[in-house]
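Undergrad: Pasting the sequence and the predicted model now:
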Amino acid sequence: MGKTNHRYDATDCAVSLDSVPVTEWAPGSTFISGAKSTNFSESSSDSFGNGKTAITHDSSGTITFDMDPFSDVYQDVLRLGGSLKEVPISVTTPAEHMHAEHATLQNLPPIEYGSGYPTRSVVFSCSDYQVDPIK
């Protein structure tokens, strides 16, 4: 069997928040993450082993940005605080396209300062969280 050699470069990712490109991130190895909130279906069985499956139509999820608090886009995020404004988010990587058209800021991020460079973890709730293949 032939070997594979995949290459990943973070600069191959394109991210936008409210149609504004995000190009500055907090230091560290993760700059963005996303997760669907519920399963596509829930399965169980009755006492006799008959299968039961309930389809869930909940497409909600969260997208988390690890941001540099000194960046311009972080200042834009702070302005969203408490507004409940829905914004589009798009994250395109070489492998998938994570996106939502109706994302709202969950809460203002915790703020801490110490001896290291400060970071902010900003979480958006998405009622229409989606991940599509690129290929």
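TA: Arrived safely, thanks for sending.

Undergrad: For this protein, which segments are assigned as helices?
TA: Using DSSP state H, the helices found in the chain span residues 72-80.

Undergrad: So what are the sheet partners of the longest strand seen in it and their directions?
TA: When the chain is parsed with DSSP state E, its longest strand is strand 96-105. Using DSSP bridges, the strands paired with strand 96-105 in its sheet are strand 87-92 (antiparallel), strand 120-126 (antiparallel), strand 130-133 (antiparallel).

Undergrad: Now the shortest one - C-alpha only, CSV.
TA: The C-alpha coordinates for strand 130-133 follow below in CSV (Å, rounded to 0.1, in the frame of the first residue of the first chain):
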residue,chain,number,x,y,z
GLN,A,130,-22.7,23.5,9.0
VAL,A,131,-19.6,21.7,7.9
ASP,A,132,-19.3,20.9,4.2
PRO,A,133,-16.5,18.9,2.3
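
Undergrad: Please work out the average pLDDT along that strand.
TA: The predicted model assigns strand 130-133 a mean pLDDT of 94.

Undergrad: How far off centre is it?
TA: Here strand 130-133 is found 12 Å from its chain centre; the criterion is CA atoms, centre = their mean, to the nearest Å.

Undergrad: how about the strands in this protein?
TA: According to DSSP E, the strands that the chain contains are 14-17, 20-21, 32-36, 41-45, 51-55, 61-67, 87-92, 96-105, 120-126, 130-133.
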